[in-house]
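**Student:** here is my input, please return the structure:
(one chain, ligands or ions: 3)
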Amino acid sequence: MAEVSNTPSSSRKMYIESYGCAMNFSDSEIIASIMSEHGFTATKDELDADVIFLNTCAIRDNAEQRIRERLKQLRSNKRQNSDLIIGVLGCMAERLKDKLLEEEKLVDVVAGPDSYRELPKLVAEVDEGGRAINVLLSREETYGDLNPVRLNSNGVTAFISIMRGCDNMCSFCVVPFTRGRERSRDPQSIVKEAVDLQNAGYKEITLLGQNVNSYLWFGGGAKKDFKSLTDEEKASSVDFADLLELCANAVPNLRIRYSTSHPRDINEKVVRVMAQYPNLCNYIHLPAQSGNTRVLDIMSRNYTREWYMDKITMIRSIIPDCGISCDIIAGFCTETEEEHKDTLTLIEECKFDFSYMYKYSERPGTPAAKKLTDDIPEDVKGRRLAEIITVQNRVSKENNQAYIGKTVKVLVEAASKKSKNDWMGRNDQNIVTVFPCEHYQKGDLVEVLIERITTTTLIGKAIGKTTI
Ligand code: SAH
Ligand code: SF4
Ligand code: F3S
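**Tutor:** Ligands and ions are numbered 1, 2, ... in the order given. Reported below is the predicted structural model:
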């Protein structure tokens, strides 16, 4: 492999574009950190860049099509600057590996989610006239020692990655193949990152992982079940509830959120810790995927509709006003009309504040692609998705209506998209809230009286500044 010639003195410019989930956006900050140690500074202008990285997603076919289109556009950037280096990173890079170099001739670097420490070397190889690839997955890498460079930051909210990979193997999902085995990050490095963010003036952090409820630290390395730990490992182990408590105590002035929870693994211990600490936000993203037990079974989600409903009851019995959101897949293999209707009633019964809703997209190599038939016609998937969206929108509106006349605490994040005279933030339950700016500032926690609502937004007026 080539020597790393891109030393700090060379100061080249790097432009990173992130796609997909929050973990990818968080990874881009790790990439920026690694590259900055090798003399690359981040730029927001792609035309000014020596290196363009696309940090890609592979979760659905349309996510990959977007990248293909973007690569087509980048041909003209390369025509204008023949030294321009184009790298495809992240989940699509990991899924397609060297096929991507074969198929997309303008791509110089292909790097998977566990090989970002190698990026400077890969770029150096391209400098010497080659094309470079590293898609090795790791059982240990957590990038826990790095200080992420906050990209496109609003200076108020930030992500902290607490674990990587996923061991769940839901039959529809490509993530275990693109991000490898689950591993948890050292809690001390997580707490340090939280404290650093608090010192830098941030007001809210979101702890990230594909299945945060299975977070378990016992000294490092690939995931083990609590049961298989040695007595010594058990004594010093830190689970997700412990981690939440460590963070809640370490940064009492930061709001803390987390994502994503898995219905099988979320437990009372976690919800009780949330109830105990005011800075742990009353909000849980708890993807159900389907409301039908047979469909959940062939999705390999390892829970039933009743199990899911029991978790909702447990959460609401401990935190009555907990915000709950969901992910739903429409038209999974062999789903009948009756089974689809079970998803509609699940939304009504659980009263989700909002959901991310998708048509099933078969991903090559996944258990569903190998063993099941993607047999629901596209138009039926589309119709079922529309029905799901209609029910969810009605439920969201009903939930939001209950806020009219009440006050909520909103952390100001940015100007509202619709008017620069309004601030936009979120309440404790993660519902977007908008109110006139007046003298309030970004980063303020403001008590807002809700006067009107839409399906997605609470609208009100500020009453005064407040504290957590
Ligand atoms: N770890 C999270 C989900 C990560 S992927 C969890 O287990 O809940 C985010 C969402 O994308 C999933 O919840 C699912 O709703 C959706 N998704 C994943 N694979 C998909 C596929 N093949 N087709 C359509 N949607 C998919
Ligand atoms: Fe995918 Fe399931 Fe893991 Fe979520 S828990 S990332 S859906 S395999
Ligand atoms: Fe996409 Fe990878 Fe996230 S596939 S959803 S970027 S883990």
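**Student:** give me the mean pLDDT for stretch 453-463.
**Tutor:** In this model, stretch 453-463 has a mean pLDDT of 97.
**Student:** in it, which residues are buried?
**Tutor:** By neighbour count on 16 or more other C-beta atoms under 10 Å, the buried set for stretch 453-463 is I453, T457, L458, I459, G460, A462. In this view, the C-beta of every residue, glycine as well, is placed from N, C-alpha and C.
**Student:** so which of those are in strands?
**Tutor:** Using DSSP state E, the members of the buried residues of stretch 453-463 that fall within strands are I453, T457, L458, I459, G460, A462.
**Student:** closest to ligand 2 among the buried residues of stretch 453-463?
**Tutor:** Using C-beta to the nearest ligand atom, T457 comes nearest to ligand 2 of the buried residues of stretch 453-463, at 27.8 Å.
**Student:** pipe the buried residues of stretch 453-463 into CSV and attach distance to ligand 1 per row.
**Tutor:** Shown next, in CSV, are the buried residues of stretch 453-463 (distance: C-beta to the nearest ligand atom, whole Å):
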residue, distance to ligand 1
I453, 26
T457, 23
L458, 25
I459, 29
G460, 31
A462, 34
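**Student:** surely L445 meets V410?
**Tutor:** Yes: using C-beta atoms under 8 Å, L445 is in contact with V410, at 7.2 Å.
**Student:** closest to ligand 3 among the ones in strands among the buried residues of stretch 453-463?
**Tutor:** Using C-beta to the nearest ligand atom, T457 is the member of those that sits closest to ligand 3, with 24.8 Å.
**Student:** now the closest one. Nearest residue, chain neighbours left out?
**Tutor:** Nearest residue to T457 in three dimensions, chain neighbours excluded: V432, at 4.9 Å (C-beta to C-beta, 6 or more residues apart in numbering).
**Student:** got it, and R305?
**Tutor:** T293 (4.9 Å).
**Student:** same thing with L346?
**Tutor:** Leaving out its chain neighbours, the residue that sits closest to L346 by C-beta to C-beta, 6+ apart is G291, at 2.9 Å.
**Student:** close to ligand 1: what parts of this protein are there?
**Tutor:** 59-60, 172-173, 175, 210-211, 260, 262, 287, 289, 327, 329, 358, 360-361, 363 (C-beta under 6 Å from any ligand atom).
**Student:** in strands only, show me the residues you listed.
**Tutor:** Among the residues of the chain next to ligand 1, the residues falling in strands (DSSP E) are D327, I329, Y358.
**Student:** could you turn the buried ones of those residues into a PyMOL selection?
**Tutor:** Those of these that count as buried under 16+ other C-beta under 10 Å are selected in PyMOL with:
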select buried, resi 329+358
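**Student:** for the ones in strands among the residues of the chain next to ligand 1, which one is nearest V271?
**Tutor:** Of all those, V271 sits closest to D327, with 19.5 Å by C-beta to C-beta.
**Student:** helix or strand next in line after the helix or strand of the chain with the lowest mean pLDDT, which one?
**Tutor:** The weakest-scoring helix or strand in the chain, judged by mean pLDDT, DSSP states H and E, is helix 231-236 (a mean of 86). For helix 231-236, the following helix or strand on the C-terminal side (DSSP states H and E) is strand 238-239.
**Student:** who touches that following strand?
**Tutor:** P187, Y215, L216, W217, F218, F226, L246, K269 (C-beta atoms under 8 Å, 6 or more residues apart in numbering).
**Student:** distance between it and the chain's centre?
**Tutor:** Centroid separation for strand 238-239 versus its chain: 21 Å, with C-alpha atoms, centre = their mean, to the nearest Å.
**Student:** if we can go back for a sec, ok, L445 and V410, which is more surrounded?
**Tutor:** V410 (28 against 18; other C-beta atoms under 10 Å).
**Student:** beta partners of that one?
**Tutor:** Judged by DSSP bridges, the bridge partners of V410 are V446.
**Student:** tell me which element V195 falls in.
**Tutor:** Using DSSP H and E, V195 falls within helix 187-199.
**Student:** residues contacting the residue of the stretch 251-400 of the chain found nearest ligand 3?
**Tutor:** Ligand 3 sits closest to R363 of the stretch 251-400 of the chain, with a gap of 8.9 Å, by C-beta to the nearest ligand atom. Contacts of R363 were listed using C-beta under 8 Å, 6+ apart, and they are A58, I59, R60, D61, F172, C173, V174, A369.
**Student:** so which of these comes closest to M92?
**Tutor:** When the contacts of R363 are compared against M92 (criterion: C-beta to C-beta), the nearest one is A58, at 4.5 Å.
**Student:** contact partners for that closest one?
**Tutor:** G20, E64, G90, C91, M92, E94, R95, V174, T178, R363.
**Student:** what is the burial count for the first one?
**Tutor:** Here the neighbour count serves as a burial measure; for G20 (other C-beta under 10 Å) it reads 22.
**Student:** distance of it from E94?
**Tutor:** Distance of G20 to E94, given as C-beta to C-beta, to the nearest Å: 12 Å.
**Student:** swap in the second one?
**Tutor:** The gap separating E64 from E94 is 12 Å, by C-beta to C-beta.
**Student:** before we move on, back to that, hang on, isn't the residue nearest to T457 packed against K418?
**Tutor:** No: with contact defined as C-beta under 8 Å, V432 does not count as touching K418 (11.3 Å).
**Student:** pLDDT value on A222, please?
**Tutor:** pLDDT, A222: 65.
**Student:** over to G219?
**Tutor:** 83.
**Student:** residues in contact with the closest residue to it other than its chain neighbours?
**Tutor:** Leaving aside its sequence neighbours, G219 sits nearest to E233 (C-beta to C-beta, 6+ apart; 6.2 Å). By C-beta under 8 Å, 6+ apart, the residues touching E233 are F218, G219, K224.
**Student:** about what we covered before: V432 and K418: who's more crowded?
**Tutor:** Using other C-beta under 10 Å as the criterion, V432 and K418 rank with V432 on top: 19 against 10.
**Student:** partners of that one in the sheet?
**Tutor:** R426, T457.
**Student:** now do it, the pLDDT please.
**Tutor:** 98.
**Student:** and the one 4 residues further on, by the same measure?
**Tutor:** The confidence metric pLDDT takes the value 98 at P436.
**Student:** that's a helix at I312, yeah?
**Tutor:** Yes: under DSSP: H, G, I helix; E, B strand; the rest coil, I312 falls within a helix.
**Student:** could you give the number of residues near the nearest residue to it once chain neighbours are set aside?
**Tutor:** Using C-beta to C-beta, 6+ apart and skipping residues adjacent in sequence, the residue nearest I312 is C350, 5.1 Å away. When neighbours are counted by other C-beta under 10 Å, C350 registers 22.
**Student:** and the helix ranked longest in the chain, what does it pack against?
**Tutor:** In the chain, taking DSSP state H as the definition, the longest helix is helix 378-401. When contacts are defined as 3 or more C-beta pairs under 8 Å, 6 or more residues apart in numbering; DSSP states H and E, helix 378-401 packs onto strand 323-330, helix 337-350, strand 354-359, strand 445-453.
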